[in-house]
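> curious how this folds, go ahead:
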Amino acid sequence: MGDDHMTNHTIGVTGATGALGGRVAARIARLGARQRLIVRDINRAPEYPGSSASMAVYEDTAAFERACRGVDTLFLVSATESENRMDTHISAVDGAVRAGVSRIVYLSFLGAGPAATFTFARTHFFTEAHIRSTGVPYTFLRPSLYLDLMPSWVDDHGVVRGPAGEGRVAWVSRDDVADVAATVLTDPVVIAASEETTYDVTGPEALSVGATVERLGRLTGRSIRYVPETWEEALESRRSSGAPEWAVEGWASSYAAIASGELDVVSPTVPDLTGHPAQSIEGFLRRHPSALSHVHV
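Alright, predicted model coming up:
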């Protein structure tokens with residue numbers, strides 16, 4: 001693989017109007033690679049030199065197949081959580097395979113497994129299994145919980161509640177995940193080395209939720225604390241939102257996965273593939289100083 005390979009190579013990017021796919025599309029554009037942005041709403045598709053856009057939803061296999069025609073490598077961002085998420089993923093994968101995609105880079109989740117504590121991680125595992133079954137070369141990216149979303153766990157009163165215990169997690173920024181994805185999609189050396197490879201993508205250190213919020217409070221001057229819950233307390237407190245049971249269990253099980261130790265992983269993927277250190281909590285707050293502005297204590 002050399003420069004000619006990438007010159008004539010088209011990368012399909014899903015989720016290009018979203019937080020992660022949008023970051024990846026912007027990075028690919030800066031690198032000058034050709035890309036096809038596969039979006040639900042063509043009017044919202046970003047415009048970049050060397051890019052085109054096609055409209056398709058994952059659930060429509062035929063439309064997704066048409067959108068992927070001429071795409072060599074597909075970056076498949078996982079669908080929004082839903083009760084039928086597995087079927088949604090299978091539909092998109094089957095459409096891509098029928099279109100002749102020669103490689104799939106799938107955005108999975110850390111610790112994906114059939115019996116993972118985090119219920120959404122189980123869906124990721126079965127999606128990975130389906131991709132493997134197609135025989136199409138693949139690369140799986142398994143990021144940890146997003147550092148960018150951690151502030152949203154803190155309510156307006158500065159409290160984080162959940163059954164995380166003393167378990168630890170290495171929060172990772174979406175910028176770092178996007179940098180890794182762009183490298184895996186465009187760097188010929190990494191492409192050659194990453195076939196049928198799974199990368200854990202994490203931040204630089206693993207912290208308990210209590211230690212995380214203590215640091216957030218110290219850095220922002222706000223009073224933030226962690227209040228442990230039992231599993232049943234977590235379910236009950238989230239049911240009051242009126243969300244369906246699968247969503248309630250998903251939210252609560254993200255904390256429970258921390259408690260179980262399944263997310264206590266620190267991986268060198270970010271520095272190894274991007275050449276820069278993974279973003280710390282301090283670095284994230286320097287870039288996003290208003291991340292906890294909703295906390296009024």
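> tell me the mean pLDDT over stretch 98-108?
Average pLDDT, stretch 98-108: 98.
> span of it from start to end?
One end of stretch 98-108 sits 22 Å from the other (C-alpha to C-alpha, to the nearest Å).
> which residues belonging to that stretch are considered buried?
Buried residues in stretch 98-108, counting neighbours by 16 or more other C-beta atoms under 10 Å, are found at 98-99, 101, 103-108. C-beta: built from backbone N, CA, C; applies to glycine.
> all helices in this protein, in order from the N-terminus.
3-7, 19-30, 61-68, 85-98, 119-134, 174-186, 188-193, 209-220, 231-239, 245-260, 269-274, 281-287 (DSSP state H).
> contacting residues around the third one?
The one in question is helix 61-68. Contacts of helix 61-68 with the rest of the structure, by C-beta atoms under 8 Å, 6 or more residues apart in numbering, involve 12, 36, 38, 54-58, 74, 91-92, 94-96, 98-101.
> next one: Ala259 from Ala116, what distance?
13 Å (C-beta to C-beta, to the nearest Å).
> could you do Ala256 as well?
Distance from Ala256 to Ala116, by C-beta to C-beta: 10 Å.
> low-confidence ranges, the protein, go.
1-7 (pLDDT under 70).
> ok, now with 50
1-5 (pLDDT under 50).
> what is the burial count for Gly242?
8 (other C-beta atoms under 10 Å).
> repeat that for the one 10 residues further on.
Around Ala252 there are 24 other residues, counting by other C-beta under 10 Å.
> quick one, what contacts the closest residue to it other than its chain neighbours?
Of all residues not flanking Ala252 in the chain, Ala234 sits nearest, at 4.0 Å (C-beta to C-beta, 6 or more residues apart in numbering). With contact set as C-beta under 8 Å, 6+ apart, Ala234 has these partners: 161-163, 251-252, 255-256.
> just curious, which of the residues you listed is nearest to Gly21?
Comparing the contacts of Ala234 against Gly21 with C-beta to C-beta places Trp251 closest, at 22.7 Å.
> roughly how far does that closest one sit from Ile38?
28 Å.
> just want to know which of those two has more residues nearby.
Ile38 (31 against 20).
> wait, the more buried one touches Ala56, no?
Yes: counting by C-beta atoms under 8 Å, Ala56 is a contact partner of Ile38 at 5.7 Å.
> the spatially closest residue to Arg161 that is not a sequence neighbour: what's it in contact with?
In this structure, Arg161 finds its nearest non-sequential neighbour in Val227, 4.8 Å apart by C-beta to C-beta, 6+ apart. Residues in contact with Val227 (C-beta under 8 Å, 6+ apart) are 159-161.
> just among these, which is most surrounded?
Ranked by neighbours (other C-beta under 10 Å), those are led by Val160, which has 22 neighbours.
> for that one, give its distance to Tyr106.
30 Å.
> same question for Glu245.
Taking C-beta to C-beta, one finds Glu245 at 27 Å from Tyr106.
> for Gly210, same thing?
Distance, Gly210 to Tyr106, using C-beta to C-beta: 33 Å.
> now Gly283
Distance from Gly283 to Tyr106, by C-beta to C-beta: 27 Å.
> repeat that for Ile281.
According to C-beta to C-beta, Ile281 stands 28 Å off from Tyr106.
> likewise for Arg30?
Distance from Arg30 to Tyr106, by C-beta to C-beta: 23 Å.
> so who does Gly275 touch?
So Gly275 contacts nothing (C-beta under 8 Å, 6+ apart).
> can you give me the neighbour number for Ala291?
By other C-beta under 10 Å, the residues close to Ala291 number 19.
> no no, His296
By other C-beta under 10 Å, the residues close to His296 number 9.
> list the contacts of it.
By C-beta under 8 Å, 6+ apart, the contact set of His296 is 156-158.
> same thing but at 7 Å, please
Asp156 (C-beta atoms under 7 Å, 6 or more residues apart in numbering).
> same check, this time on Ala45
16-17, 37, 39, 53.
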